[in-house]
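**Student:** missing the sequence, but the structure's below:
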Ligand code: ZN
């Protein structure tokens, strides 16, 4: 059985910037998907902001085990109804990986419930990523550290909640550090944030980065059946209590009522 991955690309810089188009002639999303498709047990396809419903129809999400999200210039163009649909899928058990500037993507901010802000500098400096969780599945097969010769700097403080685990910490040539690989669980869904991937550098052509993404997909994959309605909040009537109870005191709600949202 193959893990079904959808790589979602904003696909804006590739259309408007010659440098980005030169590095990623078929789009960053296609480069990421091609890297994943070299791995057994992963089948990756792509979707973009420009597709109808941003390519994120309910049917497509139902058929996606792990969604990868890259966005930057057009976070605000992502329809809020689609954001809710994506978050529902995560709460229901879909894995999701947010890359680089997706720290400000609407679904990431919704899932984190925090500003997700950071410091940054676009100076093509060296990034050294240290593995901080030696036996973590996302670090499988990696050396103690690896380097990307040209990257954008992201620095602490990173305005996200404390993660389940920190898998990587980055050091930058200018001296800053950043928690560059973080895992979360929201509802039944596994979330991985991975920092590298500035659009004007060939980061997603890097073999080690591709290995991290494949590891991340395998880690985020949840083989259990998707929870159909993860927002369900049913009322349990007195007579349905597991142990017999006698109702006491005043009440506002009727048995079986939907309740307030
Ligand atoms: Zn960037």
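**Tutor:** Now that the structure is in, tell me what you want to look at. Predicted model only: the values in this text are computed from it and were never measured.
**Student:** All the strands of the chain, residue numbers only.
**Tutor:** 3-9, 42-48, 66-70, 95-99, 119-131, 145-155, 165-172, 177-186, 189-194 (DSSP state E).
**Student:** Go through those strands and name the closest to the ion.
**Tutor:** Proximity to the ion (Cβ to the ion) singles out strand 145-155 among the strands of the chain, at 4.3 Å. Where C-beta positions appear, they are placed from N, C-alpha and C, glycine not excepted.
**Student:** would you list every one of the helices in the stretch 1-150 of the chain?
**Tutor:** Along the stretch 1-150 of the chain, counting by DSSP state H, counting those that start in this stretch, helices occupy 13-16, 18-23, 28-37, 58-62, 80-92, 106-112.
**Student:** Using JSON lines, lay out the ones you listed together with mean pLDDT.
**Tutor:** Below are those laid out as JSON lines (pLDDT from 0 to 100):
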{"stretch": "helix 13-16", "mean pLDDT": "96"}
{"stretch": "helix 18-23", "mean pLDDT": "97"}
{"stretch": "helix 28-37", "mean pLDDT": "98"}
{"stretch": "helix 58-62", "mean pLDDT": "98"}
{"stretch": "helix 80-92", "mean pLDDT": "98"}
{"stretch": "helix 106-112", "mean pLDDT": "98"}
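**Student:** Out of those, the one nearest the ion is which?
**Tutor:** Across the helices of the stretch 1-150 of the chain, closest to the ion is helix 13-16 (Cβ to the ion), at 9.3 Å.
**Student:** one step back: any chance of the strands of the chain in TSV, plus mean neighbour count, distance to residue 111 and mean pLDDT?
**Tutor:** Listed next are the strands of the chain as TSV, based on neighbours: other Cβ atoms under 10 Å; distance: least, Cβ to Cβ, whole Å; pLDDT from 0 to 100:
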stretch	mean neighbour count	distance to residue 111	mean pLDDT
strand 3-9	25	15	98
strand 42-48	20	19	98
strand 66-70	26	11	99
strand 95-99	27	8	99
strand 119-131	16	21	98
strand 145-155	19	19	98
strand 165-172	20	16	98
strand 177-186	20	5	98
strand 189-194	24	6	99
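**Student:** wait, which of the ones you listed is closest to residue 203?
**Tutor:** strand 145-155 (6.0 Å; Cβ to Cβ).
**Student:** I'd like the distance between the residue nearest to residue 66 when sequence neighbours are not counted and residue 115.
**Tutor:** Residue nearest to residue 66 in three dimensions, not counting chain neighbours: residue 95, with 3.9 Å by Cβ to Cβ, 6 or more residues apart in numbering. According to Cβ to Cβ, to the nearest Å, residue 95 and residue 115 sit 24 Å apart.
**Student:** just residue 67 next, same as before
**Tutor:** For residue 67, the distance to residue 115 (Cβ to Cβ) stands at 23 Å.
**Student:** returning to that earlier point: so which of the helices of the stretch 1-150 of the chain is nearest residue 138?
**Tutor:** Nearest of these (Cβ to Cβ): helix 28-37, 14.1 Å.
**Student:** Next, the buried residues of the closest one.
**Tutor:** 28-36 (16 or more other Cβ atoms under 10 Å).
**Student:** neighbours of residue 22, just the number please.
**Tutor:** Residue 22 has 11 neighbours, counted by other Cβ atoms under 10 Å.
**Student:** circling back to that earlier point, right, and the residue nearest to residue 66 touches residue 218 too?
**Tutor:** No. Using Cβ atoms under 8 Å, residue 95 makes no contact with residue 218, being 9.4 Å away.
**Student:** For the ion, what is the nearest residue in this protein?
**Tutor:** Nearest residue of the chain to the ion, counting by Cβ to the ion: residue 198, 3.6 Å away.
**Student:** Next one: that residue, what pLDDT does it get?
**Tutor:** Residue 198 is assigned a predicted lDDT (pLDDT) of 98.
**Student:** Is any residue of stretch 111-129 near the ion?
**Tutor:** No. For stretch 111-129, no contact with the ion is found by Cβ under 5 Å from the ion; the gap never falls below 6.9 Å.
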